[in-house]
Structures are given as structure tokens and as C-alpha cells.
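K.L.:
have a look at this prediction, sequence included:
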Amino acid sequence: MPRRDLMTVLSLKGGTATGRLAGLLPRTVVEEPPLFLFVTALALAYAVYAVIQHDNFRTGLDLGIFDQALWHYSRFEAPASTLLGLSNLLGDHFHPILVVLAPLYWVWSDARVLLIAQAVLVAASVVPVFLFARARVGRVGAYLLALSYGTFWGLQAGISYDFHEVAFAPLLIALAILFIDRRRWGPYFVIIALLLCVKEDQALLVCFFGVYLATMREYRRGAITFAAGIVWYLVVTNVVFPALSPTGAYTHWAYPQFGKDLPHALLGVLDHPLRVFEVLFDSSQKVKTLFYLLVAFLGLALRSRLAILLGPLIAARFLSSSSQFWQPYFHYSMTIAPVLAMGAATGLAGLAASLPARWRPAVLRGGALATLTAGIIVTAAVPQTPLKQVVKSHAHTFDDPPYAPALRAALARVPPHASVMAVDPLVPHLTRRKLVTEIEQGKRVADYLVTNVVDPVGSPGPWALAGGFPDSYAKLQGEVLNRLGYYEPIFLEDGWFVGRRRGAHGAPRPAGLAPASALDVRALVAADISWERARASALSDVLRCTQLGRRHDGATHDCWGAAGTDLRRRRPVVAALLASVAPRVGAGCGILARAALVGTATFGQGVE
């Protein structure tokens, strides 16, 4: 499209900056109906995927944190988070922009509102990316780049991982770049102000927007932007966090190898500049994720002036001491996505401009198509993206987990306003209340406890860093065991347990959870004692035989032959007892008896 026509679309004559900004989308819809259809389809697809994931109990703590905060905002209260133990969530990360979503809770107070809003925000960011690209690579090339951007694996990863405040960032960053390109300074500064409200770490990106402007000879506006980023970061980290954080300080500094805070880190980098590159590439996982990011757009952004904006985004992520940031999962690739896509448009246009005029249209379209192809290939390589899951698993991606009916019945037993302690996948289904926590040491006894007492389901929550999979779940179940004495069971089905704090008001204990007979209990206790002794002896035998084998001792074969003799002898006795007791107890205790029977058989067979 000729530049004059494009400028007509983006004309913002009259009205306030926000009014001008609001007029951008309707004008684009009139000119580009296919773009509107694509954005609508993308928003719908992302929303449906995220909502089904939530309904199938595949969301967790992060969604619960923001859901509880928005619930408080909608009631004109401070955004408390009992999940993090904070009276004001702004003391953890500074994201006041979330308040704009609070009115949605007046219509529908549900965590799914956030998932839908996130899908719409991400899909809407396609519009400024398309408009920016259209002026450089033409209409066809812009559609190809928009498709590549909208299905970018980094956006998919963010959509599939709960909700986060950075859902606002792709749209705001793309709009800031677009308005700089069109010299629309009123809307640009509105966008920069909103971007600062997304999260405290966006202040560094805002500073680099100032550097970007300076390279365009917009020195005054660049200086204003740079100063705004610096001042905002210093105020938030030195005034807001000390006032709102229970620790009195910013708790998310993740670059101790450079210094104790940002000023000291900058001084450290000036003293040892090569240290940045050493840390940037000191892990194969960092290199792999960087490769995924850059190759998805053929590295074309590196040919663009917009590469300036890549600097802080890459540094903030890959210089971090937290390995979680280095992974291709979670929401950490959302902010860089529009810079990569719009930089690719500029880089491709620059490449075409260096070639003879007759080749340029083919290069622009071919390059855009190659970018889309590269994006598809990278998406196939990155683990666990939604598109990859749907293609590989088809309809099974959206299937209910087998335990879902029992879990829904369990949640229905928890009164709407009661305090509750629950495992990670249940948290975002219980957060519209004053007090909800994960099962964790040191937490007070809530009115209700909801957990699975048979199988590990979802993340072990605060125990996730306690070791490997078995260790973390063992510690979680140990904490559950410590707390069971405080609760009267009111529900148990398929392993899902709901306990009401003893003395709390509510329904009496269901008959299905009545204890077993005294005779059965005595027999089970005796069997348990003998089984534990035999199990300990078998484990000791395994350790002894393993040590003999490592020394190539001739007695190794005989050792293994005799190992676990007592356990093998007792296993059928215990199994028979459990099998005989199971039919005589209620549904809930029957579940536990059957689980014990399976566990006994599995462990015994493993030893044999």
C-alpha cells in the first residue's frame, strides 16, 4: 500500500491521545477485513485452549494469584494474596495496569475472565505488527509476517501457562514501535506510561526505547523516555517496594553475579564487560532457547535498528541466575515477540532494498513466507506448545483427566467464603475468597483442606524445589499427613479428600467414610508393622547386594537370591488381608484399601 494511504489509516487528527489510539483498530478493520478475521480467530482459539486447560485442572498457582488480586480490585480492596502471604500484591511485582481488568469481574467473577482477556490482548497485538510490516514488505508479506507472529511459539507458551501481567506487553510494545514510526508522539507517550505500569522490569525496556529514539535523532523525546524509565525504576524499587513488601525490599533481583542491585550491576559490567558474554552463553539451554527465538524469524531482526530493543529483553532473561528464565516454556518470551516480528519486517525490507528493483517484490514475499515456514519448524521443535499438542494429540488435548468428575464434586463441598488449603491445580478454582493457601509448612489451619491422598496430581506447589519428583511429592504428602488430624473428612472419592476443620460448622461426616471395624483395624495395624519391618529389611538387602556387585564380589549372586525373602513371604499375606477388608469398608476407605493393595503388589514385584 502506498505510504500516503497508510498514513490516512493511521491519521489521528483531533481528539485526545487515547481517543486517537482507540480509533486505530476500527479504521484498520475497515481497510483490512481479513486481518480482523484472523485476529478474531486467533483470540478465540487462544481463549478456548486456555479455558479448557483451566476447566481440566491444568492451571495452577500463578492464575490463582492474579485471580485473587483481581477479585479484591473488583471489590475496591487492596490486591491481597494469601497464596504469597502478602497484604498487597504490588509489593511483590508492581503491575498497577491490572486494575483495568477489574470491571470485568463485575460481569463475571471467574479466573477464566483473565484467560480470555489475555487471549484478546495477545491477538490484538497482531494489528500494530501488521500495520508496521505493511509499510515495509507490502500487504501480502505483512499478512505472512502477521501469521508468523500470531502463531509464534513464545506467545503460545505464554497463553498455555496461566495468566500473567505481561499479557499487556506485546500490544503496548508493538504500539510504541508503530507510533514512533509514524511520529505520533501523544499516543506514544500514553503507551510508554502504560508499559511502565505492566511490571517494574519494563522500565529498562523503556530506557532502551529512549536509546532507539536517539538513533533516529529524536534526542529530546529520547531523553524524556530514558529518564522516565530510570526514574520509574528507582521510585518503584526504592520507595514502593520498601513500603508494600513485608521484607521492606525488592525480592526478585536475580543477577547477584553482577551486583546486589541494578546500580551495582551496571558498575560491575563496566568493570568487566566480557563477563556479560560469559554469562550469556554459559549454558546449553540458554543457547538453545536463544536459537529458538532468533531462528523463528530467521534472525532478520538483527539487521534492524530495532535490535536495540532486543538487548534489554535478552539480557534480563539470560543473564539471570534463575534457570527457569532460560527455558522455552512459561511466559518469558511474550515481551520479545513483537520486537522480533517488527524487526524482521525492517530487516527483510533492508535486505530487499540492497537488491535490484526487479527482484524486490519476490524477495519480500519469499522472505516473509520463509519466516512463516521457519516459525512452523521451530514450533515443532519447541516442547509442549499448544499447537504442537493439538496436532499430535488431536481431540485428546482437550479431554477431561480421569479424576475430573470426583474433583469437581470435591470442590462443590467447599463453601464459597470458607478459608481453604489446597494443592496447586485446585488453587485458581478457589481464589475468590479472603483466604486460600497451598499446603505448606507454617501456614495456619484453614477451614477446609482439599487434596489427593492417593495419587500425585499436578505440581507439588511450594515443595517443587524440594528435590526430584518423588521427593517433592513425598514431602507434600508428609505435610498433608501432619495436618489430617485437624480435619474431619466430609468427602473422599477417587483419592480426592475434603476435610473440614474440627469444630467448624458444616455437614456431618458421610456414612461412606465411617471407620473400619476394630477387628479389621487391629489386623491391618499388625500387618502394617510386619510389612514395614520386611520392607526395611528388603531395602537393606538391596543396598548390601549392590555394594557387593560394585566390588565384583563372588557372593553377589547368592545375595540377590536371598534378598527380600521376608518381604516376598509377607506380601501375599498382606495382599490377602487388604483384599478381604476392602469390601467391608465404605467407599472412601475402600479407595485407600485398593490403593494400598496396588502399592503393596507393585513394591513387592519390584523387589522380586
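P.N.:
Structure received. Residues are numbered from 1 along each chain as shown.
K.L.:
pLDDT value on the spatially most central residue of the chain, please?
P.N.:
Geometric centre of the chain, nearest residue: residue 161, 3.5 Å, by Cα atoms, centre = their mean. Note for residue 161: predicted pLDDT of 93.
K.L.:
quick one: low-confidence ranges for the protein?
P.N.:
When residues are selected by pLDDT under 70, those of the chain lie in 1-26, 28-30, 391-397, 441-442, 456, 458-473, 504-522, 524-525, 578, 581-608.
K.L.:
kindly report the domain assignment for it.
P.N.:
According to automatic domain parsing, the chain comprises the domains 3-393, 404-513, 518-607.
K.L.:
for the closest residue to the residue nearest to the centre of the chain other than its chain neighbours, grab phi and psi.
P.N.:
In this structure, residue 161 finds its nearest non-sequential neighbour in residue 330, 5.0 Å apart by Cβ to Cβ, 6 or more residues apart in numbering. Any C-beta I mention is one placed from the backbone N, CA and C, and that applies to glycine too. Note on residue 330: its backbone torsions stand at phi 60, psi -160 [degrees, to the nearest 10].
K.L.:
so who does residue 330 touch?
P.N.:
Shown in contact with residue 330 (Cβ atoms under 8 Å, 6 or more residues apart in numbering): 157, 158, 161, 324.
K.L.:
same question for residue 281.
P.N.:
Residue 281 sits next to residue 287 when contact means Cβ under 8 Å, 6+ apart.
K.L.:
now do residue 114
P.N.:
63, 66, 67, 70, 101, 163 are the contacts of residue 114 under Cβ under 8 Å, 6+ apart.
K.L.:
alpha carbons of the helix or strand harbouring the third one, in CSV - could you do that?
P.N.:
Using DSSP states H and E, residue 67 sits within helix 61-74. What follows is helix 61-74, C-alpha atoms only, in CSV (Å, rounded to 0.1, in the frame of the first residue of the first chain):
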residue,chain,number,x,y,z
LEU,A,61,-0.7,-21.1,41.4
ASP,A,62,0.0,-18.2,39.1
LEU,A,63,-3.5,-17.9,37.8
GLY,A,64,-4.8,-18.2,41.4
ILE,A,65,-2.5,-15.3,42.5
PHE,A,66,-3.9,-12.9,39.9
ASP,A,67,-7.4,-14.1,40.2
GLN,A,68,-7.5,-13.4,43.9
ALA,A,69,-5.9,-10.0,43.3
LEU,A,70,-8.4,-9.0,40.6
TRP,A,71,-11.2,-10.2,42.9
HIS,A,72,-10.0,-7.8,45.5
TYR,A,73,-9.7,-5.0,43.0
SER,A,74,-13.2,-5.5,41.8
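K.L.:
you'd agree the residue nearest to the centre of the chain is up against residue 58?
P.N.:
No - the criterion here is Cβ atoms under 8 Å, and residue 161 misses it with residue 58 at 10.0 Å.
K.L.:
returning to that earlier point: now the element after the helix holding residue 67, going C-ward?
P.N.:
helix 102-107.
K.L.:
distance check, residue 378 against residue 386.
P.N.:
14 Å (Cβ to Cβ, to the nearest Å).
K.L.:
so residue 214 touches residue 222, yeah?
P.N.:
Yes - between residue 214 and residue 222 there is a contact under Cβ under 8 Å: 3.9 Å.
K.L.:
who has more neighbours, the two?
P.N.:
Shown here are residue 214 and residue 222; by other Cβ atoms under 10 Å, residue 222 has more neighbours (20 against 17).
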